[in-house]
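Asks: Whatever this is, show me its structure:
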Amino acid sequence: MKTFLKSIRAACAATALVAAFCGAQAQSTPGPFAGYLLVHFTGESAQGEQTYMATSTDGLHWTDLNNGQPVLMSTVGEKGVRDHTIVRSPDGSKYWILATDLRIASGKGWSVAQHSASTKLVIWESTDLVHWSAPRLVDVAGAIPEAGCAWAPEAIWDPVSQAYIVYWATISPLNGTDKARIYYSKTTDFRTFTPPQMYIDRPGNQGIIDTQILEVAGNIGGFKYVRASGDGQITFEGSQSVLGAWTAIGDLSQIGLPGSKVEGPILYQFNGENKWGLWVDQYAAGKGYLPLTSINMGSAQNWQIVPASAYDLGANRKRHGAILNLTASELNRLTTQWGGTTPVSQLQSSNFPDRFVRHSNFSVRIDQNVSPLDDSKFRMVKGLANNAGFVSFASVNFPGYYLRHTNYAFELAPYDGSAQFAADATFKQVPGLADTAASSFQAYNFPDRYIRHSNYLLRLDPVSTQVDRSDATFRVTN
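Replies: Below you'll find the model as predicted:
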């Protein structure tokens, strides 16, 4: 059971990638591609089970976005997400992120997570990869008798069905055996789903907890689709259709990487090449992901290990994610919004220099002797509503949360992807109204109002008197 749980955890570290990429590649997507986006989680830490992003220009060297902090936070269901996948629509006008609704960091334990957890998926959608909707829950596995979970969702566009095939692992009893099997459902909008149907069931007691499908450009190796699964080995199969018959190709034990050493495959294709990448988690040795490459997807023996000097997976630990191939404009949007390194800052009151802006129970004020100190630390990132000359204040200890005004009062709130939130959380940094060596912050959507403190609470108010100007002046300290 312990080995099985390890296998589940790591297999959940891979599934989403291929389907996400396949969902993009199987459609008439824009091109040519110039980079890659990895969407993933990092582990069972306080903020690890959220949505992180990293980009690459070559598929081997990766840079973490948003200063290595989450880009999206789940505020629904278990308020934690794992096993991400990302999908582009056929016309390239919309994107979806799907993830497992699960938060192991809450202390629920793996037995509960397998047998008595959420049967729902968490879904976000976007039109530009930068601004995302609020997360929503979709119950895909609730109709499966005694379903214990819905893990590692994947999605691929199926031209035969003219719909996305969404598939995932559910642990439930069937024919006297309680184990993980892969189920699928169809959708065209990621809101309405057909009833779940069995997709893959291994013989006997062998479970299968992670499957990824990749469309193979040019049928290299004789198959239009190849899938990798975690079923005791890293097993490969090929097919000419998503819902058709599948042929066994082999597993990684053939090249000295048996299931006792590695798990959690991540598959993707390199841009502009008949070359594919595979990451496997070296869970037995605790070494993290090991990248491999292949030029023939029709054989499991063609994978070659990438030398350690030839790749860099970034600072964050990468767990179960998805890779989407990016156009130059898509890559530019992401790096413009989330790239670079932004220092941690504090906002010191100009007229009460012993007080700093801080959040407390999600309200915002200026205080002395802030405790915990991280409540007063923010990153001044590019403005959510306008990244040219405007800023937003991202919390350091609540990643994904920003200072925003509502009814002219301030709060710390999770970014919900809406245009209203973005506007309320965006400000123009100008020379200090009471001291030009300091700064004041003018509201993006109410340019006649500024951030100021009143009775130590932060507000958004017009400024007319010297006291107002002093209350609206802050020093940005690092």
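
Asks: which secondary element of the protein has the worst mean pLDDT?
Replies: Within the chain, no helix or strand scores below helix 15-25, which has a mean of 37 by mean pLDDT, DSSP states H and E.

Asks: where's stretch 422-438 relative to the chain centroid, distance-wise?
Replies: Relative to the centre of its chain, stretch 422-438 is centred 31 Å away, using Cα atoms, centre = their mean, to the nearest Å.

Asks: Just the buried positions in that stretch, please.
Replies: 422-429, 432-435, 438 (16 or more other Cβ atoms under 10 Å). C-betas here are computed from N, CA, C, even on glycine.

Asks: Tell me which helix or strand comes right after the helix or strand residue 85 falls within.
Replies: Taking DSSP states H and E as the criterion, residue 85 maps to strand 81-88. The C-terminal neighbour of strand 81-88 among helices and strands, as given by DSSP H and E, is strand 95-101.

Asks: Outline the domain layout of the protein.
Replies: Following automatic domain parsing, one gets these domains for the chain: 2-338, 344-477.

Asks: what's the first-to-last distance across stretch 252-272?
Replies: For stretch 252-272, the first and last residues are 26 Å from each other (Cα to Cα, to the nearest Å).

Asks: Same question for stretch 241-248.
Replies: End-to-end for stretch 241-248, by Cα to Cα: 14 Å.

Asks: before we move on, what about stretch 265-277?
Replies: 10 Å.

Asks: same check, this time on stretch 197-204
Replies: End-to-end distance for stretch 197-204: 19 Å, by Cα to Cα.

Asks: where do the helices sit along the stretch 51-200 of the chain?
Replies: Assigned by DSSP state H, counting those that start in this stretch, the helices in the stretch 51-200 of the chain fall at 110-115.

Asks: in it, which ranges drop under the pLDDT threshold?
Replies: Under the criterion pLDDT under 70, no range of the stretch 51-200 of the chain is flagged.

Asks: what's near enough to touch the closest residue to residue 47 other than its chain neighbours?
Replies: Nearest non-adjacent residue to residue 47, counting by Cβ to Cβ, 6 or more residues apart in numbering: residue 399, 5.2 Å away. By Cβ atoms under 8 Å, 6 or more residues apart in numbering, the residues touching residue 399 are 47, 50, 66, 69-70, 73.

Asks: Count the neighbours of the closest residue to residue 375 other than its chain neighbours for me.
Replies: Leaving aside its sequence neighbours, residue 375 sits nearest to residue 358 (Cβ to Cβ, 6+ apart; 4.4 Å). Counted with other Cβ atoms under 10 Å, the neighbours of residue 358 add up to 24.

Asks: now swap in residue 466 and tell me
Replies: 11.

Asks: Out of the buried residues of stretch 422-438, which sit inside helices?
Replies: If you go by DSSP state H, these have 422-424 in helices.

Asks: Would you reformat these as CSV and include pLDDT and distance to residue 453?
Replies: Compiled in CSV, these are given as follows (pLDDT from 0 to 100; distance: Cβ to Cβ, whole Å):
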residue, pLDDT, distance to residue 453
422, 90, 24
423, 96, 22
424, 98, 18
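
Asks: if we can go back for a sec, report all helices and strands that the strand holding residue 85 contacts.
Replies: With contacts taken as 3 or more Cβ pairs under 8 Å, 6 or more residues apart in numbering; DSSP states H and E, strand 81-88 sits against helix 15-25, strand 33-41, strand 95-101, strand 151-158, strand 319-327.

Asks: looking at these, which is closest to residue 384?
Replies: Nearest of the helices and strands packed on strand 81-88 to residue 384, taken as Cβ to Cβ: strand 95-101 at 17.6 Å.

Asks: Within its sheet, name the partner strands of the closest one and how each one runs.
Replies: Using DSSP bridges, strand 95-101 pairs in its sheet with strand 81-88 (antiparallel), strand 120-126 (antiparallel).

Asks: now the angle from it to strand 33-41?
Replies: Counting by axes from the mean of the first three to the mean of the last three Cα atoms, to 10 degrees, strand 95-101 points 20 degrees away from the direction of strand 33-41.

Asks: Centre-most residue in the chain?
Replies: In the chain, the centroid-proximal residue (Cα atoms, centre = their mean) is residue 51; its distance is 3.1 Å.

Asks: the helices in the stretch 301-450 of the chain, which residues?
Replies: According to DSSP H, counting those that start in this stretch, the helices that the stretch 301-450 of the chain contains are 328-338, 419-424.

Asks: Would you format these as CSV with distance to residue 212 included?
Replies: Output for these, formatted as CSV (distance: least, Cβ to Cβ, whole Å):
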stretch, distance to residue 212
helix 328-338, 22
helix 419-424, 33
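
Asks: Looking at the ones you listed, which is nearest to residue 369?
Replies: helix 419-424 (29.2 Å).

Asks: where does the closest one sit relative to the chain's centre, distance-wise?
Replies: 21 Å.

Asks: Residues contacting that helix, please?
Replies: The contact list for helix 419-424 (Cβ under 8 Å, 6+ apart) reads 131, 383-385, 392, 402, 404-406, 413, 415, 444-445.

Asks: And for stretch 120-139?
Replies: Here stretch 120-139 has contacts from 37, 51, 72, 74-77, 81, 93-101, 119, 140-142, 150, 153, 166, 168, 190-191, 193, 330, 333-334, 337-338, 384, 416-419, 422, using Cβ under 8 Å, 6+ apart.

Asks: cool, stretch 111-119 as well?
Replies: Applying Cβ under 8 Å, 6+ apart, the contact partners of stretch 111-119 are 8, 77-78, 100-102, 104, 108, 139-142, 144, 147-150, 170-171, 178.

Asks: Please repeat the previous calculation with a cut-off of 6 Å.
Replies: Residues outside stretch 111-119 that contact it (Cβ atoms under 6 Å, 6 or more residues apart in numbering): 77-78, 101-102, 139, 141-142, 147-150, 171.

Asks: cool, and stretch 68-87?
Replies: By Cβ under 6 Å, 6+ apart, the residues outside stretch 68-87 that reach it are 12, 16, 19-20, 23, 39-41, 49-53, 96-103, 118, 120, 122, 132, 135, 137, 152-155, 315-316, 320-322, 324, 399-400, 414.

Asks: Okay, buried residues for that stretch please.
Replies: For stretch 68-87, by 16+ other Cβ under 10 Å, it's 69-74, 77-87.

Asks: Equivalent analysis for stretch 262-282, please.
Replies: Going by neighbour count (16+ other Cβ under 10 Å), the buried part of stretch 262-282 is 262-271, 276-282.

Asks: Span of that stretch from start to end?
Replies: Calculated as Cα to Cα, the first-to-last residue distance of stretch 262-282 is 5 Å.

Asks: re the thing from before, and the contacts of helix 419-424, which is closest to residue 255?
Replies: residue 131 (42.8 Å).

Asks: how close does the closest one sit to residue 383?
Replies: 12 Å (Cβ to Cβ, to the nearest Å).
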